[in-house]
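Asks: Predicted structure and sequence below. I'll ask about it afterward.
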Amino acid sequence: MRITYIIIPLLLIGGCSGINVSSAPFKEWAPPEYYKTNTLEDGSTSFIRSKKPDFAEPLTLALLLDIALKNNPTTRQAWQDSRAKQAILRQEQSQLFPKVTVGADGTREKSVDTAQSGNINDLKYGPSGKAELLLFDFGGRDAEIETAYQDMISSGFQFNQSLQDLILDVKKNYYGLYSATSTLEAAESDVVDAKASFEAAAIRFQVGLVSKLDQLQAEASYDDSLYNLEEAKYNLNTARSDLSTTLGYSADTKIEIVNPGNDVPTDIDKQDVTEMIDEALLIKPDIQAARADLKSKEAAVQDAKSSLWPHVNLGGTMGQNWYKYYNEKKPRNDDYAYTGYLSLQWDVFDGFYNMNKKYEAQAEESAQRAKLIELELEASADVWAKFYNYIASVSKLKYSEAFLKSSKASYDLAFEGYGAGLKNILDLLQAQSTLSEARAKFLTSRKDLFVSVAELAHATGTLKVSVIQEPEE
């Protein structure tokens, strides 16, 4: 009966572990019948579906940033990695303390010895302990702690970089959604203008003032405006999903935003781009992380060098033995023992393992130094490009405003002139196309200016959480 109790669980375990691959390379794999996807409390099988926010009012940029910083999984990954590096540092710091091990054992001995002292039937048991401390290892222990310390410093800066990256993404997607909304409104205005031109051409054709060609050309322009309207609707939905996922929610989350104001910093061009590059090289989190990585590699070289030399340890052991006898004879009493020692351990020859370990560490240090130089070059180029992109964006917005104003006046005159018979259909359609282009350039340049400010702050490493305006209560 007991055998049955043992065999049945084994068979069940064996059956559960019997998972097969697909029967053919062109057939879909089916999970085993007993497998069930874990279901969340709300009945959902997806983490993002378990979060169903309800934004009753349009969100400001400050609120969007606050939501993203609390909800986006990217920064959480970097934060957990930093916590892991902290735990590794504490592991390495444990070498500064003695290692203490305690244990206990028991031995039952039973034998028959008729030739000598008779039967033996006893039990020996008791605790034992050992303590050992590394006294000296030519800097290896300190180097291992320093390596872990610099790794933690690096992970902290990488976490800060992930925050700045997220802030930039939120801002870009926020301005992208604003631009897409405005572009949709502009596309609707284009449809109104194209329809007005088409209706004007149709009326003039009906009364015999123009040929059928005028009506067809205006109709083609109207159809093209409808096509562009659908494209604008698609871009708006895409922009809204981009912002939703950046906030850490499903792409189909309904989000409305408060449009940005008209106040855009225009005094950045008064700063010296050289000073901005110098600032970026000092405070950018990814560069500071790379510097910490270099120090970690330098400590790893010292650690590898220490492996070529002896290690000195101080330690001691102690133990207690108790005896229990099951016969009348008692050959010995309870006892205890303790020892103290000073040991030296030196791998005199290991097949050149530690020597090559040192060469490996030195090569990695040189590679990290080259990587740091590369990052500094990239940072200087990034600041330079983002600075002059901002300068250009300021001018482009100024000129696009003038272009929109003049093209609107041109279209109004062309429309009036066409109705009066002073302009032909080509003049009207050209003015209409120019006005549509002017609207698009104005909206694009306005978005680009907002984004260029955020990208310049990101390039210089000043796009920090601490400078985000707190949402109003």
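Replies: Done, it's in.
Asks: ok, now which ones touch Tyr325?
Replies: If you count contacts by Cβ atoms under 8 Å, 6 or more residues apart in numbering, Tyr325 has them with Asn121, Asp122. C-beta: built from backbone N, CA, C; applies to glycine.
Asks: Could you do Leu397 as well?
Replies: Leu397 makes contact with Phe442, Ser445, Arg446, Asp448, Leu449, according to Cβ under 8 Å, 6+ apart.
Asks: Show the model's pLDDT score for it.
Replies: In the predicted model, Leu397 carries a pLDDT score of 93.
Asks: Just give the closest residue to it, not the sequence neighbours.
Replies: Spatial nearest neighbour of Leu397, excluding adjacent residues (Cβ to Cβ, 6 or more residues apart in numbering): Ser445 at 4.4 Å.
Asks: I'd say the one you found and Lys396 touch.
Replies: Yes: using Cβ atoms under 8 Å, Ser445 is in contact with Lys396, at 4.3 Å.
Asks: Just give me the neighbour total for the residue nearest to Leu397.
Replies: Neighbourhood size, Ser445 [other Cβ atoms under 10 Å]: 22.
Asks: Sticking with it, tell me its helix or strand.
Replies: Using DSSP states H and E, Ser445 maps to helix 425-460.
Asks: And that helix, how far out from the chain middle?
Replies: Relative to the chain's own centre, helix 425-460 is displaced by 31 Å; criterion: Cα atoms, centre = their mean, to the nearest Å.
Asks: Buried ones in it, by neighbour count?
Replies: 425, 427-429, 431-436, 438-460 (16 or more other Cβ atoms under 10 Å).
Asks: how close does the residue nearest to Leu397 get to Trp384?
Replies: Noted for Ser445: a distance of 21 Å to Trp384, by Cβ to Cβ, to the nearest Å.
Asks: JSON lines for the contacts of Leu397, including pLDDT and distance to Thr107?
Replies: Output for the contacts of Leu397, formatted as JSON lines (pLDDT from 0 to 100; distance: Cβ to Cβ, whole Å):
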{"residue": "Phe442", "pLDDT": "94", "distance to Thr107": "91"}
{"residue": "Ser445", "pLDDT": "94", "distance to Thr107": "87"}
{"residue": "Arg446", "pLDDT": "93", "distance to Thr107": "85"}
{"residue": "Asp448", "pLDDT": "94", "distance to Thr107": "82"}
{"residue": "Leu449", "pLDDT": "93", "distance to Thr107": "83"}
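Asks: Adding distance to Asp334 as columns, could you present those in a markdown table?
Replies: Shown next, in a markdown table, are the contacts of Leu397 (distance: Cβ to Cβ, whole Å):
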| residue | distance to Asp334 |
| --- | --- |
| Phe442 | 96 |
| Ser445 | 92 |
| Arg446 | 90 |
| Asp448 | 87 |
| Leu449 | 88 |
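Asks: what's the closest of those residues to Glu144?
Replies: Distance to Glu144 across the contacts of Leu397 (Cβ to Cβ) is lowest for Asp448, with 49.5 Å.
Asks: my read: that closest one touches Lys396, true?
Replies: Yes: between Asp448 and Lys396 a contact is recorded at 7.0 Å, counting by Cβ under 8 Å.
Asks: from what I can see Tyr336 touches Gly129, true?
Replies: No: using Cβ under 8 Å as the test, Tyr336 is too far from Gly129 to be in contact (11.2 Å).
Asks: Surely Asp54 is in a helix?
Replies: No: per DSSP: H, G, I helix; E, B strand; the rest coil, Asp54 lies outside any helix segment and is coil.
Asks: Can you read off the backbone torsions of it?
Replies: Dihedral angles of Asp54 (phi, psi; degrees, to the nearest 10) stand at phi -130, psi 100.
Asks: Quick check: buried residues in stretch 136-151?
Replies: By neighbour count with 16+ other Cβ under 10 Å, stretch 136-151 contains the buried residues 137-138, 140-151.
Asks: Asn235 is in contact with Ala186, isn't it?
Replies: No: when contacts are counted by Cβ under 8 Å, Asn235 is not listed as touching Ala186 (11.6 Å).
Asks: These two: who's more crowded?
Replies: More crowded of Asn235 and Ala186, by other Cβ under 10 Å: Ala186, with 21 against 18.
Asks: so what's the more buried one up against?
Replies: The contact partners of Ala186, by Cβ under 8 Å, 6+ apart, come to Ala232, Ser436, Arg439, Ala440, Leu443.
Asks: Double-check that Ser189 belongs to a helix.
Replies: Yes: per three-state DSSP, Ser189 lies within a helix segment.
Asks: hmm, back to that, need the contact list for the residue nearest to Leu397.
Replies: Ser445 makes contacts with Ser393, Lys396, Leu397, Tyr399, Ser400, as judged by Cβ under 8 Å, 6+ apart.
Asks: Contact partners for Lys172?
Replies: Each residue near Lys172 by Cβ under 8 Å, 6+ apart is listed here: Val451, Ala454, Glu455.
Asks: Helix or strand: which one has it?
Replies: Counting by DSSP H and E, the element that carries Lys172 is helix 140-206.
Asks: Distance of the residue nearest to Leu397 relative to Thr253?
Replies: Counting by Cβ to Cβ, the gap from Ser445 to Thr253 is 29 Å.
Asks: and if you look at Asp303?
Replies: According to Cβ to Cβ, Asp303 and Thr253 sit 49 Å apart.
Asks: what's the closest non-adjacent residue to Thr238?
Replies: According to Cβ to Cβ, 6+ apart, the nearest residue to Thr238 is Ala180 (7.6 Å).
Asks: quick one on the thing from earlier: closest to Gln86 out of the contacts of Lys172?
Replies: Taking Cβ to Cβ as the measure, Gln86 sits nearest to Ala454 out of the contacts of Lys172, at 30.9 Å.
Asks: Surely that closest one touches Leu463?
Replies: Yes: applying Cβ under 8 Å as the test, Ala454 and Leu463 come out as touching, 6.6 Å apart.
Asks: Leu226 and Val191 touch, don't they?
Replies: Yes: counting by Cβ under 8 Å, Leu226 does reach Val191; the two are 6.2 Å apart.
Asks: Tell me where the model's unsure across the chain.
Replies: The model of the chain has pLDDT under 70 over residues 1-18, 36-46, 49-50, 113-118, 265, 269-270, 327-332, 466-473.
Asks: What segments of it are strands?
Replies: Per DSSP state E, the chain carries strands over the ranges 99-111, 120-136, 311-325, 335-345.
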